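Trainee: What shape does this take:
(one chain, ligands or ions: 1)
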Amino acid sequence: MTDVEHQKWWGWGVEGIAFHHEDKPAFAGFVLDKVGIDLTQPGGEPPTFDEIDVPASRLGDDLGAQLRAAVGDHQVSTDDMLRVVHTYGKGMRDLVRVRAGDLPRVPDAVVYPANEDEVRAVVDAVVAADAVLIPFGGGSNISGSLTPQPHEERTVISLDLGRMNRVLEIDESSGLARIQAGGLGPDIEEQLTTRGWTMGHQPDSFKHSTLGGWIATRSSGMQSDKYGDIADITRGMRVVLPGKVVELRPLPSTSTGPSVREMIIGSEGRLGVVTEAWVNVHRVPENRDVIAYLFPNWAAGLAAMAEISTSDAAPTITRVSDANETTFSLATRKASKGISGKVGEGLFEVLRRRGWDLEKVCLSYIGYEGGTAKIRAEKSVVGKIIGKHGGIRLGRGPGSLYDQKKFDTPYIRDFLLDRGAIGDVSETAAPWSKLGQVYTTTVRAARAKFAELGVPGFIMCHLSHSYHSGACLYFTFAFPPNADDDFLGQYDAVKTVIQQSFIDAGGTLSHHHGVGTDHAPWLEQDISEAGTDLMVGLLRAADPGRNLNPGTLIPDHREW
Ligand SMILES: Cc1cc2nc3c(=O)[nH]c(=O)nc-3n(C[C@H](O)[C@H](O)[C@H](O)COP(=O)(O)OP(=O)(O)OC[C@H]3O[C@@H](n4cnc5c(N)ncnc54)[C@H](O)[C@@H]3O)c2cc1C
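Mentor: You can find the predicted model right below:
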């Protein structure tokens, strides 16, 4: 049996780790106030695996024998638990469905190759048998991009890259590393940092997502302001297609027509299996600091982030939360540590006396990396901009709290589901000139939908990932669905108005979660019908038989 570790079949992360509120004194009151859930009442439990009815594997003898010949007997599994783990990602629809045992189509086998030759043998065998192949990295996607189509009649094989997790070489003169696609964030960073290098790519899902998954979904990490999105970081690749391998050498830039590298990035497994990539790596920085600031309101925070993005400072992180997310952050602080003595001991009172409306205060984090002199100079530039927009510096204590909490927050979704509530995210990017409008219309649309459903709902937002011309807005929403109505239907209703408001106000369907099946209905509005024609033409030319992860990336009615 393989030794690849997997996330929980029913939720985020690994068994034994969960979100707890007992050490966060303000959290229960916050949740009761915002979404009407009483945390003094015991929560439910996720189902046990025995309660789930798993459809039997349909793997035939011939294909089974070829797969075993390709990767070895122990690396092909038809185990029920493994097949369920490989059925869904970690989007809200996925979590609700898997907990409900809603498994219309489960992969018939999970295959774990050890190297590119084995990937080639598997891809060739699957396509020759007219079966379906779905690449699997960490299974952390949040857009429905690896679930077999419900009515798929053909055999479905999940190709798990988890054994291919090594840093193969570092070209120190060029700042490039060649890394196997199945490496999880911690695997990769540990191998790089022991040699003094870092990729700097840190999505919130870092612990449970892989290089191949990042590439296939166009991921972005929280330090993208410095290190770039995965599309910037990835310089070369090897991609297995039936009977051939696309080889893209690492180049700083090239004039070879439309970029094949860019075609693969974001292709969600439909243009083949990425087996390894050359990525930019950087020397581990001498110092790293995250400093917290407060703004009197959201508009001031947005204006300051826009100004920082064109200033002489080059921070690694630029992030500002709206007033709701600021309240949430304060509600999730622990009893003893606090967001800093300053806030705990009356800073807000001082601000109130200065005329700040405390309902509108917005918390911001700015990250800095590099030598002492560089960081000092950048802090000075940023400090002046923040001051100009009425903000104040809170300091390093709350900043380091952000660093500690960043990988814990994802567990809250399971905590809420155990209590019958939905908590999920939707994110977009838009030019600076449109961000205010995207924000306002999205919050308004979500609140109108909560009211229509008759549920207490909460929506909060932060700006992160700044670029020259705009930034990402990341919304989190939560509500307890009305017990008389379809649970997922209500989720869809809220998610739909949020996504539509992104497009209507000039944003994209997603800044870094990809298209998948969840966002595909907005693709034509986002890139135009003619743009979708180009994409469909590309997918169709590469995979006429729809053997490579069919159903994701484009709307259903554009499938061939
Ligand atoms: C709590 C939470 C927080 C998140 N935070 C972030 C964030 O900060 N930034 C961000 O960018 N994303 C984030 N995500 C989304 C998710 O982690 C990313 O989409 C990630 O890139 C998926 O990587 P994975 O290895 O888990 O891919 P998977 O989920 O396994 O697969 C995703 C898609 O990529 C394809 N694929 C995987 N590996 C390969 C390969 N080797 N070759 C070809 N295709 C492949 C799959 O077929 C599928 O279509 C978050 C998700 C959750 C649940």
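Trainee: tell me the secondary structure for residue 279?
Mentor: Per DSSP: H, G, I helix; E, B strand; the rest coil, the local secondary structure of residue 279 is strand.
Trainee: how much space is there between it and residue 21?
Mentor: For residue 279, the distance to residue 21 equals 38 Å [CB to CB, to the nearest Å]. For the C-beta atoms, the positions are set from N, CA and C on the backbone; glycine is no exception.
Trainee: Please say which of the two ends up with more neighbours.
Mentor: Between residue 279 and residue 21, residue 279 has the larger neighbour count (other CB atoms under 10 Å), namely 28 against 17.
Trainee: didn't that one look like it was pressed against residue 212?
Mentor: No. Assessed by CB atoms under 8 Å, residue 279 is found out of contact with residue 212, at 11.6 Å.
Trainee: any idea which helix or strand comes after the helix or strand where residue 377 lies?
Mentor: Using DSSP states H and E, residue 377 sits in helix 372-388. Per DSSP H and E, the first helix or strand lying C-terminal to helix 372-388 is strand 392-395.
Trainee: in that next one, what's buried?
Mentor: 392, 393, 394 (16 or more other CB atoms under 10 Å).
Trainee: Make JSON lines from those and add pLDDT and distance to residue 136 to it.
Mentor: Output for these, formatted as JSON lines (pLDDT from 0 to 100; distance: CB to CB, whole Å):
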{"residue": "392", "pLDDT": "96", "distance to residue 136": "46"}
{"residue": "393", "pLDDT": "95", "distance to residue 136": "44"}
{"residue": "394", "pLDDT": "93", "distance to residue 136": "41"}
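Trainee: for the residues you listed, which one is nearest residue 113?
Mentor: Distance to residue 113 across the buried residues of strand 392-395 (CB to CB) is lowest for residue 394, with 48.7 Å.
Trainee: any idea what sits nearest the closest one, other than its immediate chain neighbours?
Mentor: Excluding its sequence neighbours, the residue lying closest to residue 394 (CB to CB, 6 or more residues apart in numbering) is residue 292, at 4.0 Å.
Trainee: same check, this time on residue 334
Mentor: Once flanking residues are discounted, residue 334 sits nearest to residue 23: 5.1 Å by CB to CB, 6+ apart.
Trainee: can you check residue 77 too?
Mentor: Closest to residue 77 by CB to CB, 6+ apart is residue 110, at 4.9 Å.
Trainee: Pretty sure that neighbour sits in a strand.
Mentor: Yes. Counting by three-state DSSP, residue 110 is part of a strand.
Trainee: Look up the pLDDT of it for me, please.
Mentor: Looking at residue 110, its pLDDT is 98.
Trainee: Can you give me the distance of residue 442 to the ligand?
Mentor: Residue 442 sits 19 Å away from the ligand, going by CB to the nearest ligand atom, to the nearest Å.
Trainee: which element is that residue on?
Mentor: Counting by DSSP H and E, residue 442 is found in helix 432-453.
Trainee: For that helix, which helices and strands make contact with it?
Mentor: Secondary-structure packing of helix 432-453 (3 or more CB pairs under 8 Å, 6 or more residues apart in numbering; DSSP states H and E): helix 298-309, strand 458-466, strand 470-479, helix 487-504.
Trainee: Kindly reformat the ones you listed as CSV containing mean neighbour count.
Mentor: As requested, the helices and strands packed on helix 432-453 are exported to CSV (neighbours: other CB atoms under 10 Å):
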stretch, mean neighbour count
helix 298-309, 22
strand 458-466, 23
strand 470-479, 24
helix 487-504, 19
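Trainee: Residue 52: neighbouring residues, count only.
Mentor: Number of residues near residue 52 (other CB under 10 Å) recorded here: 18.
Trainee: How about the contacts made by it?
Mentor: Residue 52 is in contact with 84, 101, 103, counting by CB atoms under 8 Å, 6 or more residues apart in numbering.
Trainee: With residue 141 instead?
Mentor: 89, 90, 91, 213, 217, 513, 514, 516.
Trainee: now, among those, which is nearest to the ligand?
Mentor: residue 213 (2.1 Å; CB to the nearest ligand atom).
Trainee: per-residue confidence for the residue nearest to that closest one when sequence neighbours are not counted?
Mentor: Leaving aside its chain neighbours, residue 213 sits nearest to residue 137 (3.1 Å; criterion: CB to CB, 6+ apart). pLDDT, residue 137: 98.
Trainee: now residue 363
Mentor: The model's pLDDT for residue 363 equals 95.
Trainee: so what's residue 246 up against?
Mentor: 237, 238, 239, 260, 264, 272.
Trainee: how does it look with 10 Å?
Mentor: Listed by CB atoms under 10 Å, 6 or more residues apart in numbering, the contact set of residue 246 reads 237, 238, 239, 240, 260, 261, 263, 264, 271, 272, 274, 542.
Trainee: re the thing from before, if we look at the ligand, which of the contacts of residue 141 are close to it?
Mentor: 89, 90, 213, 217, 513, 514 (CB under 6 Å from any ligand atom).
Trainee: Which element, helix or strand, includes the last one?
Mentor: Translated: residue 514. Going by DSSP H and E, residue 514 is not part of any helix or strand.
Trainee: Isn't it up against residue 229?
Mentor: No. Residue 514 lies out of contact with residue 229 (CB atoms under 10 Å); the separation is 11.9 Å.
Trainee: of those two, who's got more company?
Mentor: Neighbours were counted for residue 514 and for residue 229 using other CB under 10 Å; residue 514 has more, 25 against 20.
Trainee: contacting residues for that one?
Mentor: 141-145, 213, 216-219, 266-268, 520, 552-553.
Trainee: what about 7 Å?
Mentor: By CB atoms under 7 Å, 6 or more residues apart in numbering, the residues touching residue 514 are 141, 143, 145, 217, 218, 266, 268.
Trainee: of those residues, closest to residue 314?
Mentor: Among these, and counting by CB to CB, the member closest to residue 314 is residue 218, at 22.5 Å.
Trainee: where's the closest one relative to residue 93, distance?
Mentor: Residue 218 is 20 Å from residue 93, by CB to CB.
Trainee: how close does the residue in the stretch 51-200 of the chain that the ligand sits nearest to get to residue 66?
Mentor: Ranking the residues of the stretch 51-200 of the chain by distance to the ligand (CB to the nearest ligand atom) places residue 137 first, at 2.4 Å. According to CB to CB, residue 137 and residue 66 sit 23 Å apart.
Trainee: nearest spatial neighbour of residue 526, skipping sequence neighbours?
Mentor: residue 509 (4.8 Å).
Trainee: Helix or strand for that neighbour, just tell me which one.
Mentor: Judged by DSSP H and E, residue 509 forms part of no helix or strand.
Trainee: residues from the stretch 101-250 of the chain in reach of the ligand?
Mentor: Neighbours of the ligand within the stretch 101-250 of the chain, by CB under 6 Å from any ligand atom: 134-142, 145-146, 161, 181, 203-205, 209-210, 212-214, 216-217, 219-220.
Trainee: got it, and the chain?
Mentor: For the chain, the residues in contact with the ligand (CB under 6 Å from any ligand atom) are 12, 89-90, 134-142, 145-146, 161, 181, 203-205, 209-210, 212-214, 216-217, 219-220, 268-269, 273-274, 410, 512-514, 549, 552.
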